[in-house]
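Enquirer: Have a look; sequence and predicted model below, questions after that.
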Amino acid sequence: MAEPHGSALAPYRAVLGSRIRSQASYRTSFGLDLGSSLLVGLTELAEVAVLFTSVSAIGGFDLAAMLLVFGLADLCFSLADMVVGHCDNLPEYVRTGRLDVFYLRPQPLLLQLVTSDISLRRLARAAVGLVALVVGLVVNDLAWGPGTVGLLAVALVSGTVTFAALFVWAGGLQFFLVNGSEMTNAFVYGGRYAATQPGTVWGRPLVVVFGFFFPMAFTAYLPAATLLGLDTFAGLPDWAGWLAPVAAVWAWVAAGLSWRTGVRHYQGAGG
């Protein structure tokens, strides 16, 4: 007899519940974590604001438009980071043999890894992105209607899914690199930074890498350009922001291939 769907998810809920309770139980430490995460988010937002004290626009985007881009990118990345960002710990799991324990359980390896922890401190950084996004929506002259609301919803969901795929993509590479987290962080966190910038200022190599291979342009810049009616890069049409779900699918196809190849390559910790 098939196991009820709720029962199948019970172990994951139990593990996540214990992680959440353990973080919340140490209130001082949890408060400091939230504060540090909030400070990082505010610092990055301040960098954008300070830049516009010297220029009026960058790549056709003024400060109001950049708030929309930053808010979309930062909120989506922070949510993805909170849920799957601990895939960064995979090299430690491999070295210590903890990953081998996951293989003993009759659950998918990736699902166990994703539900093994949750970084609640990322909520503070997500709050910065949310505030920037709300302000960006208010100060920009948007033609509100079903299309605008729909595109905004599509951008938020697709952007979060795309960033999550980037973490899994990097996790799959760790099976080969083990000590190469610095290299994968270059395109994970570098991709996040690229997502907060207008693609019109990118050079051709960046357009190829972060525009299409790692589709960071589809997480914030292109949806914002479509919402605001601004020119896009690489000759893309002004409705290119609606292609965000296609970019998310491509990101997960590549992430799935990376993860599957890495799992097949893994032979155990050898301890």
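Expert: Sure thing, it's come through. As the structure is a prediction and not an experimental result, all values here were calculated from the model. Numbering: from 1, shown residues only.
Enquirer: Now do residue 7, the pLDDT please.
Expert: In the predicted model, residue 7 carries a pLDDT score of 61.
Enquirer: what residue ranges in this protein score low on pLDDT?
Expert: Scanning the chain for pLDDT under 70 picks out 1-27, 29-30, 120, 178-180, 268-271.
Enquirer: any chance you could map the helices in it?
Expert: For the chain, the helices defined by DSSP state H cover 5-25, 27-51, 63-84, 90-96, 98-103, 109-114, 122-139, 146-177, 181-195, 204-206, 221-228, 244-265.
Enquirer: Kindly reformat those helices as JSON lines containing distance to residue 213.
Expert: Every C-beta, even on glycine, is put in place using the N, C-alpha and C of the backbone. Formatted as JSON lines, the entries for the helices of the chain read as follows, by distance: least, Cβ to Cβ, whole Å:
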{"stretch": "helix 5-25", "distance to residue 213": "32"}
{"stretch": "helix 27-51", "distance to residue 213": "24"}
{"stretch": "helix 63-84", "distance to residue 213": "17"}
{"stretch": "helix 90-96", "distance to residue 213": "22"}
{"stretch": "helix 98-103", "distance to residue 213": "28"}
{"stretch": "helix 109-114", "distance to residue 213": "22"}
{"stretch": "helix 122-139", "distance to residue 213": "24"}
{"stretch": "helix 146-177", "distance to residue 213": "11"}
{"stretch": "helix 181-195", "distance to residue 213": "9"}
{"stretch": "helix 204-206", "distance to residue 213": "10"}
{"stretch": "helix 221-228", "distance to residue 213": "15"}
{"stretch": "helix 244-265", "distance to residue 213": "8"}
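Enquirer: for those, which one sits closest to residue 57?
Expert: The closest of those to residue 57 is helix 63-84. By Cβ to Cβ, the value is 8.2 Å.
Enquirer: okay, the helices of the chain, which one's buried deepest?
Expert: helix 221-228 (a mean of 26; mean count of other Cβ atoms under 10 Å).
Enquirer: So which other helices or strands are in contact with it?
Expert: Counting contacts by 3 or more Cβ pairs under 8 Å, 6 or more residues apart in numbering; DSSP states H and E, helix 221-228 is packed against helix 63-84, helix 146-177.
Enquirer: Looking at those, spot the one closest to residue 92.
Expert: Relative to residue 92, the nearest member of the helices and strands packed on helix 221-228 by Cβ to Cβ is helix 146-177, separated by 9.8 Å.
Enquirer: Does anything pack onto that closest one? Which helices or strands?
Expert: Under the contact rule (3+ Cβ pairs under 8 Å, 6+ apart), helix 146-177 is packed against helix 63-84, helix 90-96, helix 181-195, helix 221-228, helix 244-265.
Enquirer: can you do 10 Å?
Expert: Judged by 3 or more Cβ pairs under 10 Å, 6 or more residues apart in numbering; DSSP states H and E, the packing partners of helix 146-177 are helix 63-84, helix 90-96, helix 109-114, helix 122-139, helix 181-195, helix 221-228, helix 244-265.
Enquirer: Return the distance of the fifth one from the chain's centre.
Expert: In this case it means helix 181-195. Helix 181-195 sits 10 Å away from the centroid of its parent chain (Cα atoms, centre = their mean, to the nearest Å).
Enquirer: just stretch 173-189 next, same as before
Expert: On the basis of Cα atoms, centre = their mean, stretch 173-189 sits 16 Å off its chain's mean C-alpha point.
Enquirer: who's in contact with residue 143?
Expert: By Cβ atoms under 10 Å, 6 or more residues apart in numbering, the contact list for residue 143 reads 227, 228, 229.
Enquirer: Tell me how many other residues surround the spatially closest residue to the last one that is not a sequence neighbour.
Expert: Using Cβ to Cβ, 6 or more residues apart in numbering and skipping the chain neighbours, the partner closest in space to residue 229 is residue 238 (6.7 Å). Around residue 238 sit 13 other residues, with neighbours defined as other Cβ atoms under 10 Å.
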